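Enquirer: what's the 3D shape of this:
(one chain, ligands or ions: 1)
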Amino acid sequence: MADAQPFDMRDGVIWYDGAFVPWADAKVHVLTHALHYASAVFEGERAYGGVIFKMREHNQRLVESARLLDFEIPYTVEEIDRACEETLARQGFSDAYIRPIAWRGSEMMGVSAQHNKIHLAIAVWQWPSYFDPAQRLKGIRLDLAQWRRPDPLTAPSKAKATGLYMICTMSKHAAERKGYADALMLDWRGQVAECTGANIFFVKDGVIHTPTPDCFLDGITRRTVIGLAKARGIEVVERAILPEELSGFEQCFICGTAAEVTPVAEIADWRFTVGDITSTLMNDYMAAVQPSAPKAVAAA
Ligand SMILES: Cc1ncc(COP(=O)(O)O)c(C=O)c1O
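Expert: Residues are numbered from 1 along each chain as shown. Just a heads-up that it's a prediction; the model follows:
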């Protein structure tokens, strides 16, 4: 169901090329290179208790994603960090989602974009749960996507680039039409890759197995969860996983900044239980994201 309030008509301010503008005024022209040629990169970050979790890693990745697309964001990571924090403070939220996006502007309109201005905007809104909360506790249902993550020789697969989400939206739509919450995507070799906006993990005999991120995003949440599992003494194996192996796994969960740690009950015809390791890591992740000293948030 569509959000009651469209995203271009919300309240507050958006940080846009170094200044705050009223939310509804943060616009681009139709002849924007990024709109025609997907020359844009973005981040998804979450704040808990007024503090943005792993902000530095996210904004570093934003700058690196831009470089992979052959452009340089005209702000340092430190400046982007500060802008994210200021936007969060201006919006007056303690728990929120932060969306920086950098894109090529309108100076040239063709495949070549050597002289286009690079823009950066940061928007902050409240986004409580990526999946239906009741479904989340029981474990969500995933379809198997028709689309595959591309060979890294055919796309900048390490960049969080808008163009790479085209097949994610198509896969998620197809899954939702069949009543699933999301879709698991294989890679171009037919190996298990990731979901349309989250990484995937499996559990068997007390050991965690997750695909090697050689053609998809090595998520910041993924790395956090691996650290949390190891801190509990749980073995984590990163390796190529074939879909035929799915019948042998007992538990499955996905993770990402928006999805946090979400148990999976079904993938197509495969079934999983929401077991102890999944529940432990769900709880450990929610504990890890809480700041040691929450920031006081001024009333909006
Ligand atoms: C396609 C995809 N994979 C994985 C992730 C998880 O990345 P992270 O944990 O850095 O948010 C995301 C979320 O941004 C994503 O969109």
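Enquirer: element containing the spatially closest residue to F249 that is not a sequence neighbour?
Expert: Spatial nearest neighbour of F249, chain neighbours left out: F202 (3.9 Å); criterion: CB to CB, 6 or more residues apart in numbering. From N, CA and C alone the C-beta is placed, and that goes for glycine too. F202 belongs to strand 199-204 when assigned by DSSP states H and E.
Enquirer: the following helix or strand past that strand relative to strand 199-204, how many degrees between them?
Expert: The helix or strand immediately downstream of strand 199-204 is strand 207-211, counting by DSSP H and E. Inter-element angle recorded for strand 207-211 and strand 199-204: 150 degrees (by axes from the mean of the first three to the mean of the last three CA atoms, to 10 degrees).
Enquirer: mind listing what's buried in strand 207-211?
Expert: I208, H209, T210, P211 (16 or more other CB atoms under 10 Å).
Enquirer: rebuild the residues you listed as a markdown table, extending it with distance to the ligand and pLDDT.
Expert: Formatted as a markdown table, those follow (distance: CB to the nearest ligand atom, whole Å; pLDDT from 0 to 100):
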| residue | distance to the ligand | pLDDT |
| --- | --- | --- |
| I208 | 16 | 98 |
| H209 | 17 | 98 |
| T210 | 12 | 98 |
| P211 | 11 | 98 |
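Enquirer: closest one of those residues to M109?
Expert: Nearest to M109, judged by CB to CB, of the buried residues of strand 207-211 is P211 at 38.8 Å.
Enquirer: if we can go back for a sec, the residue nearest to F249 bridge partners, please.
Expert: Counting by DSSP bridges, F202 forms beta bridges with H209, C252.
Enquirer: around the ligand, which positions in the stretch 1-150 of the chain sit nearby?
Expert: Contacts of the stretch 1-150 of the chain with the ligand, taken as CB under 6 Å from any ligand atom, map to G44.
Enquirer: where does the stretch 1-150 of the chain have low pLDDT?
Expert: Applying pLDDT under 70 to the stretch 1-150 of the chain flags the ranges 1-3.
Enquirer: mind redoing it with 90?
Expert: Across the stretch 1-150 of the chain, the ranges flagged by pLDDT under 90 are 1-5, 127-137.
Enquirer: from it, which residue is nearest to the ligand?
Expert: With distances taken as CB to the nearest ligand atom, the stretch 1-150 of the chain approaches the ligand most closely at G44, which sits 4.7 Å away.
Enquirer: what is the burial count for that residue?
Expert: 19 (other CB atoms under 10 Å).
Enquirer: show me where the stretch 51-200 of the chain has its strands.
Expert: All strands of the stretch 51-200 of the chain, identified by DSSP state E, counting those that start in this stretch, fall at 51-52, 96-104, 118-125, 140-149, 182-187, 192-195, 199-204.
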